[in-house]
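Engineer: take this sequence and fold it.
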Amino acid sequence: MSQEDCRRGDWFGLGVRDGLAGETGSRLSDHVKACYEYGIAINNEAYFAGREQGLRDYCRIDNAFSVGLNGHQYQHVCPPSIDGLFGRYHSAAFTIYEHRAELDGLDREISSKESSLHDKKLSDKDRGRIRSDLRDLDHRYHHLRDDLYYRERQLDDLRREAQVYR
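Structural biologist: Sure, this is the predicted structure:
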């Protein structure tokens, strides 16, 4: 936090933002340390009241999908009554996020290797090795893509299941 943020002292608003982001209560210690440097104390009560309000929106079951698909970890901040279900839905969505990121990485690696094949200085042995690498990468890409499609269908089923909790 900046000195201006600390001086402004909107502890409730800061708590709301942290709650909406699914931050744990220990996030407060980061704010305390930052403001301590400027000799400014935090209003813990206001912060935690705001965080609770933010968590009410964060802990909506349908938000578990958004949090996971956006690549954010779930810190188990939701009430015990929905923590398990939220975690299950989040995990399914987060797996899709990870698969998509891995596919993007493989796609970049494939493109890079394909570009390197145009180097006229490559020996036949090096060119053969690159082609072999490309076949392996292509196999991994297609396997992962198929798994992603399967998991996306599962996620659609989970979203329909979650309609009950709205």
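Engineer: low-confidence stretches in the chain?
Structural biologist: 166 (pLDDT under 70).
Engineer: recalculate using a threshold of 90.
Structural biologist: Within the chain, the stretches with pLDDT under 90 are 1-3, 5, 25, 118-120, 163-166.
Engineer: where do the helices of it begin and end?
Structural biologist: Assigned by DSSP state H, the helices in the chain fall at 3-8, 11-20, 27-36, 44-58, 61-69, 80-116, 124-162.
Engineer: pick the most deeply packed of those.
Structural biologist: Among the helices of the chain, helix 11-20 has the highest mean neighbour count (mean count of other Cβ atoms under 10 Å), at a mean of 21. No exception for glycine: its C-beta is placed from N, CA and C like everyone else's.
Engineer: kindly export that helix (C-alpha atoms) in PDB.
Structural biologist: The C-alpha trace of helix 11-20 is given here as PDB (Å, rounded to 0.1, in the frame of the first residue of the first chain):
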ATOM      1  CA  TRP A  11     -10.200   0.000   5.800                       C
ATOM      2  CA  PHE A  12     -13.700  -1.100   5.100                       C
ATOM      3  CA  GLY A  13     -13.200  -0.600   1.300                       C
ATOM      4  CA  LEU A  14      -9.900  -2.400   1.500                       C
ATOM      5  CA  GLY A  15     -11.500  -5.300   3.300                       C
ATOM      6  CA  VAL A  16     -14.300  -5.400   0.700                       C
ATOM      7  CA  ARG A  17     -11.700  -5.600  -2.200                       C
ATOM      8  CA  ASP A  18      -9.700  -8.300  -0.400                       C
ATOM      9  CA  GLY A  19     -12.800 -10.300   0.200                       C
ATOM     10  CA  LEU A  20     -13.900 -10.000  -3.400                       C
END
